[in-house]
Structure formats: structure tokens, C-alpha cells
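A.B. asks: no sequence on this one, just coordinates:
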Ligand SMILES: C=C(OP(=O)(O)O)C(=O)O
Ligand SMILES: [Mg+2]
């Protein structure tokens, strides 16, 4: 009998196949007395150096810019002098190389977890470094992704960046992890490669090697023990769907021609370069960039990128964007994306603290420099970017941001709606602004008072929740009244059926990572605007996400 496990669907799509599990971390031998501390120290340092070189080499070969940046950052963590010092101290206190590495990594891991948010998620990077270095010190094979010689569903405790970037999309059908959240490496890279993925999947640790499973990356479900024939049928249908949706091209339209812009979420110009595209994103045509997350330029750096560097990075995106349309989001720092150079005070509750636009309360010049650089890049390329701020909460913040952007000649100024307060005052915000873009990832977090990285609260963070949809409906209605665009750029936009609901609520554009676009385009093309409105009414009337999904039959 098949059993269904629940987790957090972080990269949509279906797949089915046999499970291969990641090799476990190397076991530490029982401690034994060290006779030659010098030799032991050499062994430990050699193991760390080998790990740094291995990660740097993988970064070199990384298939895209996201993967490269993540691996480079991980290689820097492995090369951190304070980690090496801790290992040395431990060896000098009588530990073997393997035990010293283990102890030092455990110490640094605790510090990362205590820092919370983005740092806490980097704990997985350190676990990977520990496993690699301990294996090297013990002369064991480096742990990594299996290569069974046939397509497989990869099941792991968690995936490190190094594991994820080396996944061969030709053999890995889907990813299932016990740990991880929506912003974990597994989630980011699975989306970039168009691989269905379920994280925070309780019970995944008990799925046996070779078991036939199906993975639904949209619903966050893993069906275990389905049998070979059922798996083959599910995989065949998934392949057909992917092939079919990739052949559909052109702008987003409902079946009766109502236009809905289909836009891309990107972190840098590299996401727009064909050589960097995931195979699943081949041939994607979008109508522009709906969310350019500029913080990627600032992450994992000791110093703020300079004005010239920023101008060059923004100009590269303006030149490469489909149709030249780009919505730039100014720096979204804080909470899960801390930037040490900002020098912000530690907070007990960072998600409710100084993040997003609020950073400009304490470091106003960072936003000013960024707006200057965006304006300069626009002049240099002849582009007319739309510029929006993250985490706008009040009308005063919106007015202040709009004033600063317009003073620099930026013509189209907007705000992300990520806080319920902004959604409730959408009409008033639109008196100051030209457009709104709804960030459903954060809007869910703040509406349902549930940490967006919390796998256990996945049901509350489900974008089919009627309370979230009601806020979206209110924003869209405000946009309609003002005659101004209101889009969605959170992960909700990439759910093909929910996309019909969003359009029915009055949303004018949907922005997502490239692999999500074909299926959303196809779904819209199969529904008339009236059908989308029916779907919106049904979803708003449902008491929970399951009821909402059941009420809506695809393509009706
Ligand atoms: C798009 C969003 O912003 P980010 O995921 O970058 O916080 C969002 O919150 O929905
Ligand atoms: Mg957000």
C-alpha cells in the first residue's frame, strides 16, 4: 500500500522513479591518544585545504551563476582562518585530525544557528564542509550524490550546495529532503533547474533505497511504494507535460485573450544569459523581468559593492532583459539575508525588525547610492526601469521612497506588498506609487505569523489560504480603481492553477523563475477570464487550502 508523506513543495512539477539515498556522513572512530600532534595538525590542515580546493573547483565548473556564488561562499567558509584556528587549538589539546575538525565545525555551527535566519541556513554548508574534511582526514571517499546509472529520485537529510550543483538533471528526477526550508539551497537550485522538490518532508529518512516513489513539488507530497508501473506512467505524463508546455510560446493570455504579463524573477544578468539557463528553462520566453532581486550583488561580501560596480550590474540586466522591461527591487537586507557591512544591531526577532526598506532608516546612503546607480544605468542603456522597494509598510514610507526615486529621474516607482498593513492600505499607497507587486512569500509569513523558513508550518504558509487571497484581491481591486498595475512576484505565481485564481482576483502580471513560466502560460490559455473569476470566487469561499484546490477543476 502506498503511503503519502507531506512536506513543503518548493519547486513545482511531478516526477516518479526509484529512490537513491545520499551516502551518510563519515563515522568518527572512537577517540584514541595522539602521539604526534605535529603530524596530526598537518593531516587536519591538508584535509581542510583539500576541501577548499574541491569546493573551489566545483565552483569553477558550476553550471550557472547562483550555483557558482553559493559554492564560492562555501569554499570561503572552509578557508576561514577562525575555523582553521579552532582546528589547531583542538589538535593541540590532544585530539586527532578528524575529531578536531568535527569539534571545530560543531563549534562554528552553533554560532551560525545562534545567529539565526540566513546564517542558520548556512549551517548546512558547514555540515558539508565537516563531512568532506573529516572524510579526507580519515582517508574515506568524499560523501556526495550517488550515481546508480539510471534515473532516480534523490532522497537526503539535506543537500549541501556542492551536492546540489553537481546534480545531473539527466539522471536526477526530483529531490526530497528531510530538512530545509523554502529558501534553502535545495529549494533555490531545484527551482533554477526546474526539478520538482519537496523539503521538510517528515518520514523521508525512512524511505528505503530503491523504493518507487512519486513526487509532487507543487503540493509538497511524496507517495511512497507506488510500484514500477505506476511510476513509469506518472513519469511519462510529466515528460509529456513538460514537452508540451515548452512548445507553447508568446505573451500570457487567457483563452479569451485577456493579457497577463508573464515575467521572470532573477538575481543577476547571468539568469538571463542562455548559457546559464537550466535545461528546463530552454526556450522560455517571458515579457520582461518582474523581480530583479538586487541583494544578490550584496550577499556574501565583506564590503558594499561600489557605485561603478552597481551601475555595471544593473546595466547588464537592462540590456539583457526580454523586451527591455525590468522591475528592479532595491536592496532587501535583514532577517534571512543579513549583510555584515551594514553593521546592523543584532535583533531578537529579525523578521520583525530592520529589514527591507527599513534599513534606510539607519543607513540611508546605501539606498541613495543604489538609486543613483539604477538611474545612471538607465541613462547609459536607454532603459526605463520600474523601481520598487521591499517591505513597504506605511504610506509615509511609500511617499518617501517615491520622492527619492523620482528626484533621480526614475519614472515608474512602486512597492512590494509583503506586509498586511500595506495590503490593507493599497489604495492609499497607489496615490503615491505607480504600481504594486505582491510578495506572497513574505505576505504569507506576516499574515499567518509563521516563519517562512519553518517546514512544520507549511500548511499555514500555503498560498491557497483564503486570508492571503483576500489581501491579494483587495490590492488588485485598488489597482483597478486607480488604473495601475498590481502583479504577484512570490512563489504563488508559479502554481499553474493558482495563477488562474490570481488572474480572477484581478492581478495584472505574474513573475516567477524561468522554469515555471511554460506551465503557467498553458494554464492561463486553457481558462477564460470568466473561468478565472469563478476560480477566484471558489478559492475565496473555501475554508482551507485543500477545499480550495478540490473546488477548482483544472481547465474547466
Ligand atoms: C518575492 C518575495 O520576496 P523574497 O522572496 O525575495 O523575500 C516575497 O516575499 O514574496
Ligand atoms: Mg519578500
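C.D. replies: It's in. Since the structure is predicted, the reported quantities are computational estimates derived from the model, not experimental observations. Ligands and ions are numbered 1, 2, ... in the order given.
A.B. asks: contact partners for residue 513?
C.D. replies: Residues in contact with residue 513, defined by Cβ atoms under 8 Å, 6 or more residues apart in numbering, are 191, 192, 264, 265, 281, 494. (C-beta placed from N, C-alpha, C; glycine too.)
A.B. asks: tell me what the fourth one is bridged to.
C.D. replies: If I follow you right, that is residue 265. Here residue 265 sits in beta bridges with residue 291, going by DSSP bridges.
A.B. asks: that one contacts residue 489, correct?
C.D. replies: Yes: counting by Cβ atoms under 8 Å, residue 265 sits close enough to residue 489 to count as a contact (6.2 Å).
A.B. asks: those two: who's more crowded?
C.D. replies: Of the pair residue 265 and residue 489, residue 489 is the one with more neighbours under other Cβ atoms under 10 Å, namely 28 against 24.
A.B. asks: near residue 508, how many other residues are there?
C.D. replies: Applying other Cβ under 10 Å, I find that residue 508 has 20 neighbouring residues.
A.B. asks: quick one: contacts for it?
C.D. replies: Under the criterion of Cβ under 8 Å, 6+ apart, the neighbours of residue 508 are 260, 261, 476, 479, 485, 486, 487.
A.B. asks: any chance of these in TSV, plus neighbour count and pLDDT?
C.D. replies: As requested, the contacts of residue 508 are arranged in TSV below (neighbours: other Cβ atoms under 10 Å; pLDDT from 0 to 100):
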residue	neighbour count	pLDDT
260	24	98
261	19	97
476	25	98
479	22	98
485	21	98
486	26	98
487	27	98
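A.B. asks: stretch 3-11 near ligand 1 at all?
C.D. replies: No: residues of stretch 3-11 are not located near ligand 1 by Cβ under 6 Å from any ligand atom, the shortest gap being 11.8 Å.
A.B. asks: which parts of that stretch are buried?
C.D. replies: 5, 6, 7, 8, 9, 10, 11 (16 or more other Cβ atoms under 10 Å).
A.B. asks: by contact count, what packs against the lengthiest helix in the chain?
C.D. replies: Of all the segments assigned as helix in the chain under DSSP state H, the longest by residue count is helix 37-61. In terms of contacts (3 or more Cβ pairs under 8 Å, 6 or more residues apart in numbering; DSSP states H and E), helix 37-61 is packed against helix 65-78, helix 81-92, helix 97-115, helix 123-138, helix 161-165.
A.B. asks: what comes into contact with it?
C.D. replies: Residues external to helix 37-61 that are found in contact with it (Cβ under 8 Å, 6+ apart): 34, 67-68, 71-72, 74-75, 78-79, 83-84, 87-88, 91-92, 94-98, 100-101, 129, 132-134, 136-137, 142, 162, 165-166.
A.B. asks: helices and strands around the strand ranked longest in the chain, which ones?
C.D. replies: Scanning the chain for the longest strand, with DSSP state E as the assignment, gives strand 14-21. Packing contacts for strand 14-21, counted by 3+ Cβ pairs under 8 Å, 6+ apart, involve strand 152-156, strand 172-177, strand 212-216, helix 228-247.
A.B. asks: and the ones you listed as TSV, adding mean pLDDT and distance to residue 404?
C.D. replies: Listed next are the helices and strands packed on strand 14-21 as TSV, based on pLDDT from 0 to 100; distance: least, Cβ to Cβ, whole Å:
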stretch	mean pLDDT	distance to residue 404
strand 152-156	94	45
strand 172-177	94	42
strand 212-216	96	44
helix 228-247	87	41
